[in-house]
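**Q** Pasting the sequence and the predicted model now:
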Amino acid sequence: MQSNTRILSLALGACLALSAADAAALKPRVKIDAAEAAVSSDVDADIRKRFDDLFPGSENLLNYRYRLYGHLAAAERRWPNAADDFRVAASYADKYSQHRLSLLYWHGVGVEKDRVQAYLWADLAAERGYTEFLAVRERMWRQLDEAERAAAVERGPALYEHYGDPAAKQRQKYQWLLGQATSLLRRERLAVVDFEDYWQKVDAPWVPPKNATVTIGEIEEIDGPKRKSSRKRRAEPEPVPELPPELPPGPRPEPSPNPSPEPMRP
C-alpha cells in the first residue's frame, strides 16, 4: 500500500512538473518591435534596479525626478507615461529627456508619430552643443522634406519659448527655491546649490574630454533651402515662467518601504 502511494505521489509530481513546463512553453514571449527597440536604452533597466536608491536625491530637482520616472516607465514599456515624464523633465532644462522625446516622436512610440516635432526636440537637446545630440539633430534634418523643414522653422519658436534654457533653467531654479522655502518653514536644514556647477555635473556624460579629437568626413550637399533656426532667442532676461503641472496623467510609483541593499554602481 505504501509502495502504491509512493508511486502515485511520484506520478502526480511528474504530471505537475510537466504541466508547469508546458505552461512556460506556451506562455507568449514579449516581443519588442523595431520602433520600441530604437527608443529603448539599457540605462532604463539599470535605473529601474536602482530607483529606490536614486529617488531620495531627486527632491526639489524636478528635472532629475521626472527623468527617473521616465526611465522607470520606459523600462516597463509604459511608453505614454514615459513620454509624459520626459516632457516634464524637459521643462526643467533636462537635455537627455529632450533627446528621448525626439526619439519617441520620430518613431511614434507612446506618442503620435511626428517627424517635425521629433526634430524640434532634437534641436532643443542640442542647444548646449553636445556632439551626440548635435549628430542626432543633423541626421533628422537630412531626412526631413522641404515642407517638414518649413514647418520646423514655423513651429520651433513656440517650443523653445517654453523648453529652451532661458526659461527652463530659471524654472528649475525657481522650483528649487520654492522647495527651500518650504524646508525653512518646516525648520529643516537648508541645502545650497550652485546651479552652474549643477548643470555641469548633469551634463558631464555628454561633454567630450578636453583632449578629444573629432574626425570630420567630407562635406555633404543637402538638397532644399538653407536651414533657418527653429528657435527664437531673446536678449532680455526671462521672467519667472509659470510652472507646469506637478504631475502629468498616469500612476506615479513611489520607493518601496524596504529598499534593496544592492550597492549603487557608477
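**A** Right, received. Where do you want to start? Residues are numbered from 1 along each chain as shown.

**Q** Tell me the spacing between residue 206 and residue 62.
**A** Distance, residue 206 to residue 62, using Cβ to Cβ, to the nearest Å: 20 Å. Any C-beta I mention is one placed from the backbone N, CA and C, and that applies to glycine too.

**Q** more neighbours, the two?
**A** residue 62 (23 against 18; other Cβ atoms under 10 Å).

**Q** is it true that that one touches residue 172?
**A** Yes: look at residue 62 against residue 172 with Cβ atoms under 8 Å: they come within range, at 6.8 Å.

**Q** Which neighbours do those two have in common?
**A** residue 92 (Cβ atoms under 8 Å, 6 or more residues apart in numbering).

**Q** Which pLDDT does the model give residue 155?
**A** With respect to pLDDT, residue 155 scores 96.

**Q** Assign it to helix, strand or coil.
**A** The local conformation at residue 155, judged by DSSP: H, G, I helix; E, B strand; the rest coil, is helix.

**Q** Distance of it relative to residue 116?
**A** From residue 155 to residue 116 the distance is 6 Å (Cβ to Cβ).

**Q** neighbour-wise, which of these two wins?
**A** residue 116 (20 against 16).

**Q** what's the closest non-adjacent residue to that one?
**A** residue 151 (4.7 Å; Cβ to Cβ, 6 or more residues apart in numbering).

**Q** Could you check the pLDDT of the one you found?
**A** 97.

**Q** For it, the count of nearby residues, please.
**A** 19.

**Q** Next: residue 77.
**A** 15.
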